[in-house]
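Trainee: Quick one: sequence and predicted model below, then my questions.
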Amino acid sequence: MCLCLVAVFVSGRARGDERGKAQAKPYALIYGTVFDADGHTVYGVTVKIRRATEKKARWEIYSNHTGEFAQRVPVGPGDYVVWADVKGYKLPDGRRVKAGPEVNVHIDGDERQDIGLHLNW
């Protein structure tokens, strides 16, 4: 009885590992941090990403408690535009911020590109 259960468990794990490897697709990663005008990281800012050839955002994510965000994108080559959307956003102290400049990102392959988004007063 015990031997049968071990055989089923081992064969099931082996099959699961094979399926996991077959489903894993390569990707590139755009990783960044959102900063306010004083250089402090900012939580909860909407970050939008689009392909450079498109007009509308394809991905929308939010900065986490340390101001960081990450988005998987297809393996390059490819060009992307990243920006902060701060419409209606207020800092915890009540101050409003303005969006800083857009950041252009170039991806060559399955790599990680680190960027910073800087907001203005």
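Mentor: Received, thanks. Residues are numbered from 1 along each chain as shown.

Trainee: how far away is residue 101 from residue 75?
Mentor: For residue 101, the distance to residue 75 equals 27 Å [C-beta to C-beta, to the nearest Å]. From N, CA and C alone the C-beta is placed, and that goes for glycine too.

Trainee: And these two? Which one has more around it.
Mentor: residue 75 (15 against 10; other C-beta atoms under 10 Å).

Trainee: isn't that one right up against residue 108?
Mentor: No: using C-beta atoms under 8 Å, residue 75 is not in contact with residue 108; the gap is 9.0 Å.

Trainee: quick one: terminal-to-terminal distance for stretch 62-74?
Mentor: Start and end residues of stretch 62-74 are separated by 20 Å (C-alpha to C-alpha, to the nearest Å).

Trainee: could we number from 856 for the rest of this?
Mentor: All set: I'll call the first residue 856, so the last point we hit is now stretch 917-929.

Trainee: Around residue 940, count how many other residues there are.
Mentor: Neighbours around residue 940, by other C-beta under 10 Å: 13.

Trainee: tell me the pLDDT at it?
Mentor: With respect to pLDDT, residue 940 scores 98.
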